[in-house]
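Participant: got a sequence here, can you build the structure:
(one chain, ligands or ions: 1)
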Amino acid sequence: MIELHGVSKRFGDTLAVDDLTFRVLPGRVTGFLGPNGAGKTTTMRMILGLNRPTAGTISVGGRRYVDLPAPLREVGALLDARAVHGSRTAYHHLLCLARSNGIGRRRVREVLALVGLERVAGKRAGTFSLGMSQRLGIAAALLGDPGVLMFDEPVNGLDPEGVRWLRDLIRGLAGEGRTVLMSSHLMSEMALTADHLVVVGRGRLIADATMDDFVRANTDEAVLVRTPEVDRLTGHLTGSGAAVHREPDGALVVSGLDATAIGRVALTHGLPLTELTPRRASLEDVFMALTRDAVEYASKQGATR
Ligand SMILES: Nc1ncnc2c1ncn2[C@@H]1O[C@H](COP(=O)(O)OP(=O)(O)OP(=O)(O)O)[C@@H](O)[C@H]1O
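Facilitator: I've put the predicted structure just below:
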């Protein structure tokens, strides 16, 4: 488990992290979301003891990172995939890390195989593509077989096969009971990977909820209905207390009644339905709506909305 209590971090005039309190629990993937500059990387760096909090406390498995005797065996992290000695081979890079934490050569071979880099283990890391560097960073995170894992934007640079592989790997790690915290700007991927979300904006906590609750709580439930009998169905639905909005293509967007109730109204009056689809916002829709005010570096188009 990772636990943050009242954590803040100031860089000069910038309050990068502002009084964050949350827990990352084992056995599930926690997605760490926030617009650019929201403080995600700074928070992860503080968890790893790379930045010292200005205020507050952080513990990993009940202890501060600096108090962990063999940190790689407790916490594995991918923060910056390019942060390797470019002249070292992938194998040598991992071997150096392993040695500093009392981990044997066999494990180095194992993690290279796990991330699919066996064939290029003897190549210099500086010649790797971004996707290969990400795989090497993931191998490094897994080296000590740690119970806590953090991945900052791990999907960057991966090809579609790699994206799917990483999703399965991350879900598998959580399935084994590990604590997994992962940031990504790819909302569709996050929706497929994470069970729980911690959302930040301008350094502050915006939400800490399960994926399902987060989307449901921020969605206006509505049902998309199509029928050849638009006027009659609209009349009966409004008569039953629903609000009905007619789209230009003739579809009805109905709120105030769920799909079952709408189906019943149609059946009672003998009106055919050609579509009856509960509408739910996507994670991306909800994220954009909730963080709109917290976006620091908006594009012009976004800023004028
Ligand atoms: N070493 C530093 N010195 C000064 N300011 C910093 C430093 N590191 C981060 N910041 C500032 O802290 C804020 C949070 O940055 P951080 O990189 O943690 O955000 P993020 O959520 O990871 O963003 P992104 O999604 O763009 O990676 C930003 O305003 C950034 O400019």
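Participant: in the stretch 201-305 of the chain, which spans are strands?
Facilitator: 204-210, 222-226, 243-246, 252-255, 275-279 (DSSP state E, counting those that start in this stretch).
Participant: for the stretch 1-150 of the chain, same thing?
Facilitator: Using DSSP E, counting those that start in this stretch, the strands of the stretch 1-150 of the chain run over 2-11, 14-24, 28-33, 55-60, 75-78, 148-152.
Participant: for stretch 90-109, measure first residue to last.
Facilitator: Start and end residues of stretch 90-109 are separated by 11 Å (C-alpha to C-alpha, to the nearest Å).
Participant: quick one: that stretch to chain centroid distance?
Facilitator: 29 Å (C-alpha atoms, centre = their mean, to the nearest Å).
Participant: swap in stretch 245-254?
Facilitator: With C-alpha atoms, centre = their mean, you get 34 Å for stretch 245-254.
Participant: got it, and stretch 201-219?
Facilitator: Distance, stretch centre to chain centre, for stretch 201-219: 12 Å (C-alpha atoms, centre = their mean).
Participant: buried ones in it?
Facilitator: Neighbour-count burial for stretch 201-219 flags 201-208, 211, 214-215, 218 (criterion: 16 or more other C-beta atoms under 10 Å). Placement of C-beta: from N, CA and C, glycine included.
Participant: wait, which of those residues is closest to Pro272?
Facilitator: Closest to Pro272 out of the buried residues of stretch 201-219 is Val215 (31.2 Å), distances taken as C-beta to C-beta.
Participant: tell me who's in contact with that closest one.
Facilitator: By C-beta atoms under 8 Å, 6 or more residues apart in numbering, Val215 lies in contact with 280-283, 286.
Participant: cutoff 6 Å now
Facilitator: Shown in contact with Val215 (C-beta atoms under 6 Å, 6 or more residues apart in numbering): 283, 286.
Participant: so Glu118 makes contact with Glu110?
Facilitator: No - Glu118 is beyond contact range of Glu110, at 10.1 Å (criterion: C-beta atoms under 6 Å).
Participant: what helix or strand does the residue of the stretch 101-250 of the chain found nearest the ligand sit in?
Facilitator: The stretch 101-250 of the chain approaches the ligand most closely through His185 (6.4 Å), counting by C-beta to the nearest ligand atom. If you go by DSSP states H and E, His185 is not part of any helix or strand.
Participant: returning to what we had before: name the pair among the buried residues of stretch 201-219 with the greatest separation in space.
Facilitator: Taking C-beta to C-beta as the measure, the buried residues of stretch 201-219 span a maximum distance of 23.6 Å, between Gly203 and Val215.
Participant: hang on, the earlier thing: excluding its backbone neighbours, what's nearest the residue of the stretch 101-250 of the chain closest to the ligand?
Facilitator: Counting by C-beta to C-beta, 6 or more residues apart in numbering, Glu153 is the residue found nearest to His185 once chain neighbours are left out, at 7.1 Å.
Participant: could you check how far Arg73 is from Gly175?
Facilitator: With distances taken as C-beta to C-beta, to the nearest Å, Arg73 is found 20 Å from Gly175.
Participant: which of these two has more residues huddled nearby?
Facilitator: The residue with more neighbours, out of Arg73 and Gly175, is Arg73; 16 against 13, by other C-beta atoms under 10 Å.
Participant: surely that one meets Leu143?
Facilitator: No - with contact defined as C-beta under 6 Å, Arg73 does not count as touching Leu143 (8.8 Å).
Participant: low-confidence ranges, the protein, go.
Facilitator: Within the chain, the set of residues satisfying pLDDT under 70 comprises 81, 86, 294-305.
Participant: related to what we said a few turns ago, could you dump the strands of the stretch 1-150 of the chain to CSV with distance to the ligand and mean neighbour count?
Facilitator: Shown next, in CSV, are those (distance: least, C-beta to the nearest ligand atom, whole Å; neighbours: other C-beta atoms under 10 Å):
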stretch, distance to the ligand, mean neighbour count
strand 2-11, 3, 18
strand 14-24, 3, 19
strand 28-33, 8, 24
strand 55-60, 15, 17
strand 75-78, 13, 24
strand 148-152, 7, 24
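Participant: format the ones you listed as a markdown table; extra columns: distance to Asp231.
Facilitator: Shown next, in a markdown table, are those (distance: least, C-beta to C-beta, whole Å):
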| stretch | distance to Asp231 |
| --- | --- |
| strand 2-11 | 56 |
| strand 14-24 | 51 |
| strand 28-33 | 43 |
| strand 55-60 | 60 |
| strand 75-78 | 58 |
| strand 148-152 | 53 |
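Participant: so which of the ones you listed is nearest His236?
Facilitator: That would be strand 28-33 among those, by C-beta to C-beta, at 41.6 Å.
Participant: what's the angle from that closest one to strand 2-11?
Facilitator: Here the directions of strand 28-33 and strand 2-11 differ by 20 degrees (axes from the mean of the first three to the mean of the last three C-alpha atoms, to 10 degrees).
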